[in-house]
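Q: For reference, the sequence and a predicted model appear below.
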Amino acid sequence: MSITVKNLSKTYGSFAALHDINLDIAEGELVALLGPSGSGKTTLLRIIGGMEVSNSGSVLLDNEDQAGRNIRDRHIGFVFQNYALFRHMTVFENVAFGLHVRSRKLRPSKKEIRDRVLELLKLVQLEGLEKRYPSQLSGGQRQRVALARALAIKPKVLLLDEPFGALDAKVRQELRRWLRKLHHELNITTIFVTHDQEEALEVADRIVVMNKGKIEQAGTPEDIYHKPAGSFVYRFLGQVNHIQGYIRNGNVHIGPLTLKTVAPVSANEEGVDVFVRPHEVELASECTTPDMIAARVSHIYQAGSRVKIELEAEGIKETIEAEVTEEYRRQIGLLRNQYVYIAFKKAKLSGSDGELIDYEASYALPSLQPKEEARIPQIS
């Protein structure tokens, strides 16, 4: 089932939760609504599902306007963060609930209900647990029960509101992969709400980034990450160093460093925002180009297979974070309070309008030498 949202707006008193939203979702697509708290993503999901009513605009399912249409008639399945399972019912009874409450005319036979429930429990890898109660299940298992219950009615659209938000990191990662695989098998049009950038990038066919009731950008995970439409999207997708620079004589300056690039049109003498991903911060033992400045290693910590390095750079008030592999860190023998030189291989610049301009270092940047050869610079 395709979904079309046209000129949708929603207010709560003087607060605009959604402002003129337009969105097309193709049949079978898996779409993530991604944004911070208060961005409007859950409100949009609830309006599509018929649980909220918009002030203006329309929602079309397969080109049919859903205004005034009962939730039960929309063929939509829902999964919520808190599972919303009935504690007094077994797993079997929870999954079968949506089928049992159908009108007598539409209700399947007892055998059909049993066959459908057992089929779904096999699909969500919960075979043999049909007699258990929710209190006897793990968080991940409960979420699978909630998904099986949503699928029992054979929905044409599946809506998930922060489905993995209440689970620990390892379980979330496992369920993300499982949901992606399940979607490939079922091919149901699916929208899920999340504030987790990694989750959206890993699971979705397409990501809709929302902020303050508006869509900032919609596109594939690759487009959103590598071609952000503005500074908000760039900052929200992944870790980023945000450094305040300034313009002088048409050049962009960060402390003592001059970036040889075109300044954003909307920037002025008062400031320009410079954004650098941690993996684009280069470390070197010697200052060999004008693109480099001295910095002190203030903190080193492990982040999975990567090592994060916090740096206090000369003339820059913000702490700068770099990221290297564990192997590289061991090779160079990097230590806390050591002085190094840093450069930005790539960066993005933004003025007051949020438009981004790419910067790339104009010099070849040397890497740190192995620890027995490295020379430690001093800041005068």
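A: Nice, thanks for sending it over.
Q: in the stretch 151-300 of the chain, which spans are strands?
A: 157-161, 189-194, 206-211, 214-219, 241-248, 251-254, 257-259, 272-276, 281-284, 293-303 (DSSP state E, counting those that start in this stretch).
Q: what pLDDT, on average, does the fourth one get?
A: Across strand 214-219, the average pLDDT comes to 98.
Q: what do you get for the second one?
A: Averaged across strand 189-194, the pLDDT comes to 96.
Q: next one: the fifth one
A: Summarised as a single mean, pLDDT over strand 241-248 is 89.
Q: relative orientation of it and strand 272-276 in degrees?
A: 140 degrees (axes from the mean of the first three to the mean of the last three CA atoms, to 10 degrees).
Q: what helices or strands is strand 241-248 leaning on?
A: Applying 3 or more CB pairs under 8 Å, 6 or more residues apart in numbering; DSSP states H and E, one finds that strand 241-248 makes contact with strand 251-254, strand 272-276, strand 320-325. All C-beta spots, glycine's among them, are computed from the backbone N, C-alpha and C.
Q: Just put those strands in TSV and tack on distance to residue 215 and mean neighbour count.
A: Converted to TSV, the helices and strands packed on strand 241-248 look like this (distance: least, CB to CB, whole Å; neighbours: other CB atoms under 10 Å):
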stretch	distance to residue 215	mean neighbour count
strand 251-254	30	19
strand 272-276	21	22
strand 320-325	29	19
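Q: Quick one, which of those gets closest to residue 291.
A: With distances scored as CB to CB, the stretch of these nearest to residue 291 is strand 251-254 (10.8 Å).
Q: one step back: save the helices and strands packed on strand 241-248 as TSV, and put in mean pLDDT too.
A: As requested, these are exported to TSV (pLDDT from 0 to 100):
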stretch	mean pLDDT
strand 251-254	85
strand 272-276	92
strand 320-325	94
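Q: do you know which of those lies nearest residue 203?
A: Once the helices and strands packed on strand 241-248 are compared by CB to CB, strand 320-325 is nearest, at 23.5 Å.
Q: coming back round to it: include distance to residue 26 when you put the strands of the stretch 151-300 of the chain into a markdown table, please.
A: Formatted as a markdown table, the strands of the stretch 151-300 of the chain follow (distance: least, CB to CB, whole Å):
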| stretch | distance to residue 26 |
| --- | --- |
| strand 157-161 | 12 |
| strand 189-194 | 8 |
| strand 206-211 | 9 |
| strand 214-219 | 12 |
| strand 241-248 | 35 |
| strand 251-254 | 41 |
| strand 257-259 | 41 |
| strand 272-276 | 32 |
| strand 281-284 | 39 |
| strand 293-303 | 36 |
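Q: centroid residue for this structure?
A: Nearest to the mean C-alpha position of the chain, by CA atoms, centre = their mean, lies residue 197 at 1.9 Å.
Q: isn't that residue right up against residue 237?
A: Yes: with contacts defined as CB atoms under 8 Å, residue 197 counts as touching residue 237 at a distance of 5.4 Å.
Q: Convert stretch 117-131 to PDB, retaining C-alpha atoms only.
A: What follows is stretch 117-131, C-alpha atoms only, in PDB (Å, rounded to 0.1, in the frame of the first residue of the first chain):
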ATOM      1  CA  VAL A 117      -0.800 -17.500  15.400                       C
ATOM      2  CA  LEU A 118       1.500 -20.500  15.200                       C
ATOM      3  CA  GLU A 119       2.700 -19.300  11.800                       C
ATOM      4  CA  LEU A 120       3.500 -15.900  13.100                       C
ATOM      5  CA  LEU A 121       5.300 -17.200  16.200                       C
ATOM      6  CA  LYS A 122       7.500 -19.300  13.900                       C
ATOM      7  CA  LEU A 123       8.100 -16.200  11.800                       C
ATOM      8  CA  VAL A 124       9.200 -14.100  14.800                       C
ATOM      9  CA  GLN A 125      11.200 -17.000  16.200                       C
ATOM     10  CA  LEU A 126       9.000 -17.600  19.300                       C
ATOM     11  CA  GLU A 127       8.000 -21.200  18.600                       C
ATOM     12  CA  GLY A 128       7.100 -23.100  21.800                       C
ATOM     13  CA  LEU A 129       6.500 -20.000  23.900                       C
ATOM     14  CA  GLU A 130       2.800 -19.600  23.100                       C
ATOM     15  CA  LYS A 131       1.700 -20.600  26.700                       C
END
